[in-house]
Every structure is written in C-alpha cells, then in structure tokens.
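A.B. asks: any chance you can model this:
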Amino acid sequence: MIAKKVRNIFSVLTSICVLLVGVLSGCGNPYVRFEEGAHILEDYENSISEELKFFDPDKTVQISGWLDESCVKNLMAFLAEEHPDYTFEYKYISKNSYEPIIDAELASKTATSIVMMTPTMAKKHAKNRYIEDLSEYCQDFTDEGRNAFMYGNEVYAVPCTSDFQCIFYNKEILDQSGQKLPVSFKSFVELCDFMNYEMGIKPMSAGLKDTDKVADTALALLASGYFTSNEGKKFGGRLAYGRASFYDEIRPYMSKWQELCIHKVYTRQMCIMDEAAAIDEFASGKSFMYMGGLYDYNRIVEANPNIKMGTMAVYSDFVGRAALIGGCNCGFAVNSFAPNIQIAKEVVESISTEKGQRALWQDRQGSQTYLKGVVFDNPEEFDSIRPLEDSGRMVMPWNSWGDHSSEIYKVFGEELQRVVMGDKSLDSAFKSIDDRAGSIFKEN
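C.D. replies: I've put the predicted structure just below:
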C-alpha cells in the first residue's frame, strides 16, 4: 500500500514565472495589479523548497489554503484515512497574498486540484469557469451553506463549518481581579482599564499584523451599531455600485473603535504581532483576552492544556447587545483544469459527509456544520456565545460589498492598521479608504 503522507508543500519556480506573467499582463479578469506583485513574489520566494517536488496526479491530491497547517490537521488525517490509496499534500499560502496568487494560478491552469475559497472567490471563479459545479455534493446542506458558494443555480464549493471572530478570556485572571464580565461596551472598556492599570496585565492580545483581523475589530462594533440601522443595512448594496462613502457613512460611527485604541486595548505593538505570538502571549497568562477565530481554540489549548477559558463577543452601547463577525466563510472547490479532476471530486464528496464535516469541526471547535439536521456538541467555553449564533447575530458585512469586496475589505483593514500604529488619523484613513476603493472600481 502506498504510504499516506500529510505534509505541507511550497511553491515552485514555475508558479513564480506564472505569477510574474499574471502581474505584468493582468491575467484577464480578475487580475493582480503590479503594486501587489512585490510582496506576493517575496512570499513565494521565501517559501521555495530546496528541490522541486513532482507528483503523480493519479495518486496525489494537492489542496491549497490560507489556514496554517496546524488548523487543518484533523481534516488531513481524515482524508488520509478515508482515501488510503492517495497521498495528500497541503499547500499553505499566507492569507494576505492568498487570493491574488490563487487568481493567477487558476487563470494559468497551474492551481492545485482542490482550492479553499471564500464566498466571493467562489462566485468570481465560477463566473470565469475555473472551478467545477459541485451541486450534487451539496444537496444536504442548508440554504445558508449552499447560497454562500452559489453562482447562478449551481454550488461551486463544499462548505466548511462555520467560523467567527470572538474574544477568549482567562477565567482565572478574571477571578483574581474580582471583576464581572462586561454586559455593555462601557463595562468592557472599564474592565480593560482595570486589567491594565490595577492588575498590571495586558488587556488583550491580537495578531493585528493580519489586516483582516484589524478590519474585524471595527466591523464587530459596526455590526451591532451602524449596520443595524436602515441606512447601514443598505450600505453594501450601494458600495457594490460605487455609490457609498466610508468617510461620510461609516466614519461617524467609529468613535467606539477609536476609544479602544485610546484605552490601549488595541496597540501599535499588536500590528507587528502575528497570530502565533498573540496566542503564546495569551496562553502564558501575560494577557487577559485574545481575539481570534475558532481555529485558534486548539492552538491555545495545545500551548497551555491547563488554561481555563471562556468566550465573549464585542459589545455595543446597548446592554446585552452584541454581534459576531463570521459565518460560512470557507469552502472547498475543485479546479476545472486539474489533471485528476474525478479524484478531486471524490475527495470533496467525502468532505461533504457528516464524518468529513466532523473532521473540519475538530479543527474548528466552537463551530457548526451547515449539514441539515446535524449538530455538533461544542466545548462549554462557547456556551456564552451560543445564543448569538442561535439568534442569527452572526454576519459578514463585506459579503454584500460587491465583486471587489475582498479588495475593499483588505484596504479597510490596511488603513485602520495605520491608525492603530499612529501613522494616520481616523479621518485621513477613511478618506484614503474612499480614494482607494474608488480606484478599484475605476480600474475594473
């Protein structure tokens, strides 16, 4: 029997050549702009293995994703067990450069057989006919799961389990402080001040080197504030047609986010900290809270098996009112130009089963599958957040921002990161967001 392998593979020289062609020529629609090329190429060059890796497409299935290898361990183990005659290789690409690299690889027919997709990526590449119709494997999923990856009347990716950003907190530190959990934005800030100035403990750890995470710090507040207003609910629709202004419409609602920066909940140092460093800081008891995704739960427990944790959301001005940033944000698509397309479909079909979804859940404890009638029992640490999930207060505002939502979402995070670092005022950042969003619409 062929030995089962679950290992990370890196980009090869041919991919770099393809990427350069895509950067310089535009790769059709969508394309990678030249100014993005430098850091993307740098990522690629830094990840080249010493020798090129060749594989037998009849026996090897390659999967690309933006999640760290530690976040897909159970999935890869499940696939190796479920398909013992195949070898599985996982290709990690940094989230900051993932989409433009995948765009270039799909356009040049060099992408891996299976590719992780966000909802906006799936719709884009379904339109370009770069990925396969997987509707037959998605019949048992809910409308929410199917609609996330639907283009026309077909579904182009098998949904992963749900994910959302939340705040993990250390119960032992809370007990030592004698304080109570916050029930409003005001009490949240007061608790952070107490930890900082009375306890001498850093209130929050967060890997704000990731601009998406910076964006989510603001969107978590806006989701329970501006986006619940009549105008806010229509913002995404207007933005999709270039008819909305971040400065005029969202900037007036950013005072609470700015307050978190003033009170040193979000700091300049966080902007040079990645997720691994932030998790280590929290797990070692150097901070009271950590802001992250559900895939971070396992990483925290592995770093400190004895940690006592709870979870909470970011609160708005209204007592008891909060929202979670998240939902159906990841799916598994099949490359239409894969040399082993039928094998790849066989693999994603296994991911669509309850057993496959359970493997995904084991990597994302705290999540739920979108399979109808299937519910996973999550650890008690997530009990406080469950009512928010059950009441539907879990949203991804950028999903309504149109065909270029991922680019604008990235711009939003980049500009706010500059505010946290003290390089820009909030007003200046929001004017830049409008200018850069306008350029994106104009260029496309």
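A.B. asks: pLDDT below threshold where in this structure?
C.D. replies: Per-residue confidence for the chain (pLDDT under 70) gives these ranges: 1-55, 315-322, 391-392.
A.B. asks: how's it carved up into domains?
C.D. replies: 6-162+328-372, 163-326+395-443 (automatic domain parsing).
A.B. asks: tell me where the stretch 1-150 of the chain has strands.
C.D. replies: For the stretch 1-150 of the chain, the strands defined by DSSP state E, counting those that start in this stretch cover 6-8, 60-65, 87-92, 114-117, 150-151.
A.B. asks: contacts for the longest strand belonging to the chain?
C.D. replies: Longest strand in the chain by number of residues (criterion: DSSP state E): strand 163-170. Strand 163-170 is contacted by residues 181, 204, 213, 216, 220, 282, 285, 287-297, 300, 307-314, 324-327, 329-330, 364, 366-367, 381, 385, 389, 394 when judged by Cβ atoms under 8 Å, 6 or more residues apart in numbering. In short, each C-beta sits where N, CA and C put it, glycine included.
A.B. asks: now stretch 407-425
C.D. replies: 96, 208, 210-218, 239, 246, 257-258, 261, 266-268, 270-271, 398, 401-402, 426, 429-430, 432-433, 436-437, 440.
A.B. asks: filter those down to just the buried residues.
C.D. replies: Among the contacts of stretch 407-425, those classed as buried by 16 or more other Cβ atoms under 10 Å are 96, 208, 210-218, 239, 246, 257, 261, 266-267, 270-271, 398, 401-402, 426, 429-430, 432-433, 436-437, 440.
A.B. asks: Three-state assignment for the most centrally placed residue in the chain, please.
C.D. replies: Centroid check for the chain by Cα atoms, centre = their mean gives Asn329 as the closest residue, at 6.8 Å. With DSSP: H, G, I helix; E, B strand; the rest coil as the basis, Asn329 sits in coil.
A.B. asks: which PyMOL command selects the buried ones in the contacts of strand 163-170?
C.D. replies: Those of these that count as buried under 16+ other Cβ under 10 Å are selected in PyMOL with:
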select buried, resi 204+213+216+220+282+287+288+289+290+291+292+293+294+295+296+297+300+307+309+310+311+312+313+314+324+325+326+327+329+330+364+366+367+381+385+389+394
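A.B. asks: can you tell me which of the contacts of strand 163-170 end up in helices?
C.D. replies: 213, 216, 220, 282, 296-297, 300, 389 (DSSP state H).
A.B. asks: how about a markdown table for those residues, with distance to Glu144 added?
C.D. replies: Formatted as a markdown table, the ones in helices among the contacts of strand 163-170 follow (distance: Cβ to Cβ, whole Å):
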| residue | distance to Glu144 |
| --- | --- |
| Lys213 | 24 |
| Asp216 | 20 |
| Ala220 | 20 |
| Phe282 | 31 |
| Asp296 | 23 |
| Tyr297 | 22 |
| Ile300 | 28 |
| Glu389 | 12 |
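A.B. asks: these two touch, right, Val214 and Leu208?
C.D. replies: Yes. Look at Val214 against Leu208 with Cβ atoms under 8 Å: they come within range, at 5.0 Å.
A.B. asks: common neighbours of the two, please.
C.D. replies: Contacts common to Val214 and Leu208, judged by Cβ under 8 Å, 6+ apart, are 271, 417, 420.
A.B. asks: from the residues you listed, pick the one nearest Gln139.
C.D. replies: Closest approach between the shared contacts of Val214 and Leu208 and Gln139, by Cβ to Cβ: Gln417, at 41.6 Å.
A.B. asks: that closest one: neighbour count?
C.D. replies: When neighbours are defined as other Cβ atoms under 10 Å, Gln417 has 24 of them.
A.B. asks: quick check: chain neighbours aside, which residue is closest to it?
C.D. replies: Val214 (4.6 Å; Cβ to Cβ, 6 or more residues apart in numbering).
A.B. asks: same deal with Ile307?
C.D. replies: Among residues not flanking Ile307 along the chain, Ala283 sits closest, at 6.0 Å (Cβ to Cβ, 6+ apart).
A.B. asks: also Phe376?
C.D. replies: Once flanking residues are discounted, Phe376 sits nearest to Trp361: 4.9 Å by Cβ to Cβ, 6+ apart.
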